[in-house]
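J.: okay, predicted coordinates and the sequence, questions at the end:
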Amino acid sequence: MKGESGNPYLPFFRMHRSGIRYTEDRRASPIDTQRPEHSISAALRIVPVLLLCALGAADAAPSGSGAGCAPSGMRGKPAGFTENRGQLADTDGKPRRDIAYYATVQGVLLAFRADGVSAVWSRSSTGGVSEATGRTRAGSFPEPAAGTAPSPTATLYRMDMTLEGGSTRARLRPEGVLDGLSNYYLAHCPDGILGARSYATLVYENVYERIDLVYEVSSRGLKYSFLVHPGGRPSDIRMRYGGADRILPRGDGGLRVLVPGGGIEEERPTSWLDDGTPVDVRFRIVGDAVAFEAPAFDATRELVIDPWATYYGGDLAESVTDLTCDGNGALYFAGVTRSAAFPVHAGVQMQSGGFQDAFVGKFDLAGPRLWATFYGGDSEESATAVAADNAGNVVLGGTTLSANLPLASAFQSALQGSSDGFLVRLTSAGARVWASYVGGNNADIMRDVTVDAYASIFFTGSSGSTNFPLTQAASSPPTRGAPTRCSSA
């Protein structure tokens, strides 16, 4: 949902990071860290994997002269769930009492109310003229742009997750007091709001009959769990994503929730009883809501639905353009970044090459990041597609304006036109096998990449070149959108 300063759906978002935080040696008390007796009885656990992809997180806390406030560290490491004692205010300086707790994950604000959870972020857009297409850019990130300095503007977005048919008497409580307190001295509270605590976990008790919803924040991001206590029914759970564009099923049993500036990827649920017995719980899309289907299981035990979630980005703007999974359920993601501080790990290119780089990375099924890398030269790149074969080998495709793109065993070793396509083949561990330009003497754009069962690579795109590199089997005149094949080597 687009946000404006006067939008009543976004009054809690425009905030200053002017709080003062100090730490004390405080430890969680047994009352805070222990769960009620019914929460630790036998239960069934369901675990999908959730990835919130590149929501422009670094822009999520606009500064300026607005009347609101937020804690310091808005863009940093997650610091748990902070109680709202009046420090959150709307753009008119009115406290948002309906928000009980909030957390920030790489700049995305997560607001927890009694009736649901909201994520608020912004996305920067820039103008210019694309050298590849000659068209005027109106924030059409990540289309390659001219090398002029951008003039970013931020658009605010919000997505709400509510539980359809959930109990109106659900109780929201924190668990696990974290060390330290936060004090806030702000325009609407000049005398200060002192001693705000942060917690490791939030629990919505009995969101459905005999079902709890649990949230946790860690350095990896946001994690939520459904605990289905004995007698509870997983089929009662129905999550509605307000503000999402579409919810799409994935071939591997997961889901893709499309939102402005990115998406949410949920892997196929992994679920088990408290004795370790796996249960084959699956997603079911019902309109703009997501439900669970479970086979018959021992209803005297507890079932757990326990996904992980993470935001992924740096200090500027990112956009995820494609995702895919291999035969083992590992998730590969690709996109474009303008952040020098983009979180790379065990990559073939550990530093940004220019104004805008491609990136590609891998998460395993359980959530940990395995590797992530920049890929780009001293100008601009946009990754448009990623594909993985059955062995987990990866192919990244995109478009580049850089004459010094990092290559290896290339079949085309130089930039030929104003823009060329590029292909990079990586092992499942992220090591580069080869990388090459693909293009002729004019503007060429890579659109999509796929692999077949024999690991052959097929790619499509558009070309304005009169000497695009063709094979004998291909058409001689310049064509647009014609597929081309490469061998796996």
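T.: Great, that's in hand.

J.: which parts of the chain are helices?
T.: With DSSP state H applied, the chain shows helices at 30-33, listed in chain order.

J.: show me where pLDDT drops low in the stretch 201-350 of the chain?
T.: Under the criterion of pLDDT under 70, the regions of the stretch 201-350 of the chain flagged as low confidence span 218-221, 261-263, 305-311, 329.

J.: so residue 197 makes contact with residue 178?
T.: Yes. Distance between residue 197 and residue 178: 7.4 Å, which falls inside the contact criterion (CB atoms under 8 Å). Where you see a C-beta, it was placed from the backbone N, CA and C, and this is true even at glycine.

J.: pairing partners for residue 222 in the sheet, please.
T.: Applying DSSP bridges to residue 222 yields these beta-bridge partners: residue 217.

J.: I should have written residue 324 there, sorry.
T.: residue 332.

J.: leaving out the residues flanking it, which one is nearest to residue 447?
T.: Sequence neighbours aside, residue 461 is the residue nearest to residue 447 in space, at 4.5 Å (criterion: CB to CB, 6 or more residues apart in numbering).

J.: let me see the contact set for that neighbour.
T.: When the contact criterion is CB atoms under 8 Å, 6 or more residues apart in numbering, the partners of residue 461 are 399, 421, 438, 444, 445, 446, 447, 448, 481.

J.: just among the residues you listed, which is most surrounded?
T.: residue 399 (29 neighbours; other CB atoms under 10 Å).

J.: surely that one and residue 422 touch.
T.: Yes. Counting by CB under 8 Å, residue 399 sits close enough to residue 422 to count as a contact (7.2 Å).

J.: overlap in contacts of these two?
T.: Contact criterion CB under 8 Å, 6+ apart; residues shared by residue 399 and residue 422: 381, 446.

J.: ok, back up a step: tell me what the residue nearest to residue 447 is bridged to.
T.: residue 446.

J.: which pLDDT value belongs to it?
T.: For residue 461, the model assigns a pLDDT of 92.

J.: before we move on, what about the one 5 residues further on?
T.: As summarised for this prediction, residue 466 has a pLDDT of 89.

J.: next one: residue 94
T.: Residue-level confidence at residue 94 comes out at 86, pLDDT.

J.: neighbours around it, how many?
T.: By the measure other CB under 10 Å, the count of residues near residue 94 is 13.

J.: how far away is it from residue 120?
T.: When distances are taken as CB to CB, to the nearest Å, residue 94 and residue 120 turn out to be 17 Å apart.

J.: over to residue 432?
T.: Relative to residue 120, and taking CB to CB, residue 432 is found at 38 Å.

J.: ditto for residue 442
T.: Counting by CB to CB - residue 442 and residue 120 are separated by 43 Å.

J.: who has more neighbours out of the two?
T.: Counted by other CB under 10 Å, residue 442 and residue 120 do not tie: residue 120 has more neighbours, with 25 against 18.

J.: wait, the more buried one sits on residue 111?
T.: Yes. When contacts are counted by CB under 8 Å, residue 120 is listed as touching residue 111 (7.0 Å).

J.: report the beta-bridge partners for residue 201.
T.: Each beta-bridge partner of residue 201 is listed here: residue 175, residue 216, as defined by DSSP bridges.

J.: which residues touch it?
T.: Neighbouring residues of residue 201 by CB under 8 Å, 6+ apart: 81, 174, 175, 176, 214, 215, 216.

J.: isn't the first one up against residue 112?
T.: Yes. Residue 81 lies in contact with residue 112 (CB under 8 Å); the separation is 6.9 Å.

J.: okay, and the common contacts of those two?
T.: 101, 102, 103, 202, 215.

J.: pull the most distant pair out of these.
T.: 102 and 215 (11.4 Å; CB to CB).

J.: find residues that contact each of those two.
T.: Jointly contacting residue 102 and residue 215 under the rule CB under 8 Å, 6+ apart are 81, 112.

J.: now, which of the contacts of residue 201 sits nearest residue 427?
T.: residue 216 (32.9 Å).

J.: against residue 380, how distant is the nearest residue to residue 110 once chain neighbours are set aside?
T.: Once its chain neighbours are removed from consideration, residue 110 has its nearest residue in residue 103; the separation is 4.7 Å (CB to CB, 6+ apart). Going from residue 103 to residue 380 by CB to CB gives 34 Å.

J.: residue 402 too?
T.: 7 Å.

J.: quick one: buried residues of stretch 383-399?
T.: Neighbour-count burial for stretch 383-399, counted by 16 or more other CB atoms under 10 Å, picks out 383-389, 392-399.

J.: no, scratch that, I was asking about stretch 192-200
T.: Buried positions in stretch 192-200, judged by neighbour count with 16+ other CB under 10 Å: 193, 196, 197, 198, 199, 200.

J.: what mean pLDDT does that stretch get?
T.: Mean pLDDT, stretch 192-200: 93.

J.: now do stretch 116-128
T.: When pLDDT is averaged along stretch 116-128, the result is 68.

J.: wouldn't residue 445 be in contact with residue 421 here?
T.: Yes. In this structure residue 445 lies within contact range of residue 421 using CB under 8 Å: 6.6 Å.

J.: and the protein, what are its domains?
T.: The chain breaks down into these domains under automatic domain parsing: 2-305, 318-486.

J.: take those domains and lay them out in TSV including distance to residue 312.
T.: As requested, the domains of the chain are exported to TSV (distance: least, CB to CB, whole Å):
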stretch	distance to residue 312
domain 2-305	6
domain 318-486	7
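
J.: from the contacts of residue 461, pick the one nearest residue 167.
T.: residue 448 (45.3 Å).

J.: for that closest one, give me its contacts.
T.: Residue 448 makes contacts with 384, 385, 397, 459, 460, 461, as judged by CB under 8 Å, 6+ apart.

J.: how close does the third one get to residue 327?
T.: Spelled out, that is residue 397. Here the distance between residue 397 and residue 327 works out to 20 Å (CB to CB).

J.: just to revisit the earlier point, pull the most distant pair out of the buried residues of stretch 192-200.
T.: Greatest spatial distance among the buried residues of stretch 192-200 (CB to CB): 193 and 200, at 21.5 Å.

J.: nearest spatial neighbour of residue 467, chain-adjacent residues omitted?
T.: With sequence-adjacent residues excluded and distances taken as CB to CB, 6+ apart, residue 467 is closest to residue 440, at 4.5 Å.

J.: quick check: that neighbour touching residue 463?
T.: Yes. The pair residue 440 and residue 463 qualifies as a contact (CB under 8 Å) at a distance of 6.4 Å.

J.: re earlier: more neighbours: which of residue 402 and residue 380?
T.: Neighbour tally, residue 402 and residue 380, criterion other CB under 10 Å: the higher count belongs to residue 380, 28 against 23.
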